[in-house]
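Trainee: okay, sequence plus prediction incoming.
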Amino acid sequence: MPEPTRTWPQKTREIQNAICDSTRWNEFRFRDGDIVIDTYAKTGTTWTQQIVGQLIFAGVEGVISASHNSPWVDMQMRPVDQVMEELEAQTHRRFLKTHLPLDALVFSPRANYIYIARDGRDTAWSLYNHHAGFSDKAYEVINSRPGRVGSPLERPTDDIVRYFHEWLDGGGLPMGASFFAHVQAWWDARHLPNVLLVHFNNLKADLPGEMRRIARFLNIEIDEARWPAMVEHCTFDYMKRTAVANPSMLDAMFNGGGNTFFNKGTNGRWRDVLSPADLEKYERVASANFTPECARWVATGEMTT
């Protein structure tokens, strides 16, 4: 029997803020096999870029998720013409980054999409560290750039619990959608043949197994002789050590450079800080915005359907 007609996600809106501009995707020319790595932010984006890069380049040394290798297409801080020229010139299998929600992203059947999620409380904690770690230079670059679209980026509060509540109410570092809507939309798209969902917990629990799962999804044959090096290069310690030892844009954009960007890579830092009332509010918001199956996956990494 012929395969039934499939309905692909459609872009229904544009997002333009201090960080992201979704219109930059509108003229992007996809190639067969392009890889798009999408996250809400601070859920394992760079980690997954490193995994994909290691699979493509068979264990090359270094952290290879730099902007010229795996560009963040919707980020406003680099001229869009420059980003597109670099992408057109790439001869390897391209892997790109975005933080856009699904309804603001150009979705192509020609591409493969990897979406990474993490418990919302861990996401908020990591997001605060990221937002609070921006240097004066970062604010200057983000807010004073000619042609910037959207309201200026503001410094976060010094109180992480207050930030957590602002984030729950839709504030924090602007990603163009609430965390809950962002994740739920990709959960709903999980059955599409070119979509793979990955969870931060599972990367931590079984990095080699998740790397092989991603390789199978991307139809990348693993060079077993290089496999130990590939896994080592995808560990948090390796990525942080390498980033700190090699000065880059991170040193200008973050107070503490790579030490701040690659902060801890741990979960549960909120457990001794949030009160029962804080946790009850999170659960209430999650229950109101997630389906039960999605809520379970976000909290644990367990996928039952």
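Mentor: Arrived safely.

Trainee: can you name the element that comes right after the helix or strand bottoming out on mean pLDDT in the chain?
Mentor: Sorted by mean pLDDT, DSSP states H and E, the helices and strands of the chain end with helix 258-261, the least confident at a mean of 47. Stepping forward along the backbone from helix 258-261, the first helix or strand reached (DSSP states H and E) is helix 276-289.

Trainee: buried residues in that next one, which are they?
Mentor: Taking 16 or more other CB atoms under 10 Å as the basis for neighbour counts, the residues of helix 276-289 that come out buried are 278, 281-282, 285-286, 289. C-beta: built from backbone N, CA, C; applies to glycine.

Trainee: by contact count, what packs against the helix or strand harbouring Leu127?
Mentor: With elements delineated by DSSP H and E, Leu127 resides in helix 120-132, which encompasses its position. Judged by 3 or more CB pairs under 8 Å, 6 or more residues apart in numbering; DSSP states H and E, the packing partners of helix 120-132 are helix 160-168, helix 179-188, helix 258-261, helix 276-289.

Trainee: can you list these in JSON lines and add distance to Ala18?
Mentor: Output for the helices and strands packed on helix 120-132, formatted as JSON lines (distance: least, CB to CB, whole Å):
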{"stretch": "helix 160-168", "distance to Ala18": "16"}
{"stretch": "helix 179-188", "distance to Ala18": "17"}
{"stretch": "helix 258-261", "distance to Ala18": "18"}
{"stretch": "helix 276-289", "distance to Ala18": "24"}
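
Trainee: the ones you listed: which one's closest to Trp72?
Mentor: Ranking those by their distance to Trp72 (criterion: CB to CB) puts helix 258-261 first, at 13.4 Å.

Trainee: low pLDDT regions in the stretch 201-305 of the chain?
Mentor: The stretch 201-305 of the chain contains residues with pLDDT under 70 at 244-252, 254-266, 305.

Trainee: give me that answer again for 90
Mentor: The stretch 201-305 of the chain contains residues with pLDDT under 90 at 236-269, 272, 303-305.

Trainee: where do the helices of the protein begin and end?
Mentor: With DSSP state H, the ranges of helices along the chain come out as 45-57, 80-89, 120-132, 136-144, 160-168, 179-188, 200-205, 207-218, 227-233, 236-245, 249-253, 258-261, 276-289, 292-300.

Trainee: which residues are in contact with Leu192?
Mentor: Counting by CB atoms under 8 Å, 6 or more residues apart in numbering, Leu192 makes contact with 6, 8-9, 113.

Trainee: no no, Ala205
Mentor: Gly301.

Trainee: try 6 Å
Mentor: The contact partners of Ala205, taken as CB atoms under 6 Å, 6 or more residues apart in numbering, number zero.

Trainee: thinking again about what came up before, if you count neighbours, what's buried in the helix holding Leu127?
Mentor: Judged by neighbour count (16+ other CB under 10 Å), helix 120-132 contains these buried residues: 120-132.

Trainee: do the same with stretch 78-89
Mentor: Neighbour-count burial for stretch 78-89 flags 78, 80, 83-84, 87 (criterion: 16+ other CB under 10 Å).
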